[in-house]
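Trainee: here is my input, please return the structure:
(one chain, ligands or ions: 1)
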Amino acid sequence: MTREIKICGLSTPETVAAAVKAGASHVGFVHFEPSPRHVSLKEAASLRADLPGGVKAVLLLVNADIETTATAVELVRPDVIQFHGSETPEWIALVREKTGVEAWRAIGVRSAETLSKSARYRGAVDRLLFDAPPPEASALPGGNGVGFDWRLLASHDHAVSWGLAGGLDPDNVAEAIRATGAPLVDASSGLESAPGVKDPARIAAFCEAARTAG
Ligand SMILES: O=C(O)c1ccccc1NCC(=O)[C@H](O)[C@H](O)COP(=O)(O)O
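Mentor: Presented below is the predicted three-dimensional model:
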């Protein structure tokens, strides 16, 4: 199995190029103004335009309304929309049907019950991204550099394609893969030298560690 690697929260051509060079299968662009990784739709479109064919563009939206979602798809032409708020299966299924764009839903994993309840997205999404929940009410919905108990995933019967996120970095990603068997890994803040500032060396190290994990 070729493990997929998503580098999220990219905002410059140089770091997008670093992710591509490192072998990322997906690059993520966050369109959510409170995030230090926020990019405008025009910036996301420009970054996306330079991607080679084999690397997919993931646009991160958080409870975006229909106008923003439609404009985002028209401008950015993402390969994937990652819904990272409280979006329902019905909403995601509607957007997916109307736009034809692959749909992921991030799930903040608090317990085994969270995982079992995520089955309600089956048929509405193409992938679930299991992430840590926001550490406190004031935190961002994602990109917090926080992990969760990977053991919950080891015993979960996955009904939907999935990926692992939350506090991953070059030093722990191999262990995360060994512990969960994740077919896709996703990282953001653990690859930064400062909030929103991606470090090309950490991107390369993360991709290498993920690629060579057992
Ligand atoms: O990265 C952000 O700033 C962000 C803000 C709002 C919603 C989602 C966000 N990131 C989504 C991702 O897919 C992150 O890669 C994921 O949450 C893992 O982040 P990290 O724990 O920092 O690696």
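Trainee: identify the residue nearest the residue in the chain that the ligand sits nearest to in space, chain neighbours excluded?
Mentor: Residue of the chain nearest the ligand, by Cβ to the nearest ligand atom: residue 143 (2.3 Å). Any C-beta I mention is one placed from the backbone N, CA and C, and that applies to glycine too. Leaving aside its sequence neighbours, residue 143 sits nearest to residue 188 (Cβ to Cβ, 6 or more residues apart in numbering; 4.8 Å).
Trainee: just name the shakiest helix or strand of this structure by mean pLDDT.
Mentor: In the chain, the helix or strand scored least confidently by mean pLDDT, DSSP states H and E is helix 151-154, which has a mean of 92.
Trainee: before we move on, the earlier item: can I assume the residue of the chain closest to the ligand is in contact with residue 35?
Mentor: Yes - between residue 143 and residue 35 there is a contact under Cβ atoms under 8 Å: 6.1 Å.
Trainee: intersection of neighbour lists for these two?
Mentor: Common contacts of residue 143 and residue 35 (Cβ atoms under 8 Å, 6 or more residues apart in numbering): residue 9.
Trainee: looking at these two, which is more packed in?
Mentor: residue 143 (28 against 21; other Cβ atoms under 10 Å).
Trainee: what sits against that one?
Mentor: Contacts of residue 143 by Cβ under 8 Å, 6+ apart are 8-9, 30, 35, 37, 188-189.
Trainee: do that again at 7 Å, thanks
Mentor: Neighbouring residues of residue 143 by Cβ atoms under 7 Å, 6 or more residues apart in numbering: 9, 35, 37, 188-189.
Trainee: repeat for residue 191
Mentor: Contact analysis of residue 191 by Cβ under 7 Å, 6+ apart lists 7, 169, 198-199, 202-203, 206.
Trainee: apply 6 Å and report the result again.
Mentor: 198, 202-203, 206 (Cβ atoms under 6 Å, 6 or more residues apart in numbering).
Trainee: out of those, which sit inside strands?
Mentor: Among those, the members found in strands (DSSP state E) are residue 198.
Trainee: ok, and what's touching stretch 124-135?
Mentor: With Cβ under 6 Å, 6+ apart as the criterion, stretch 124-135 contacts 89, 92-93, 102-110, 118, 141-142, 144, 146-148, 160-166.
Trainee: residues contacting residue 210?
Mentor: Residue 210 makes contact with 5, 173, 185, according to Cβ under 6 Å, 6+ apart.
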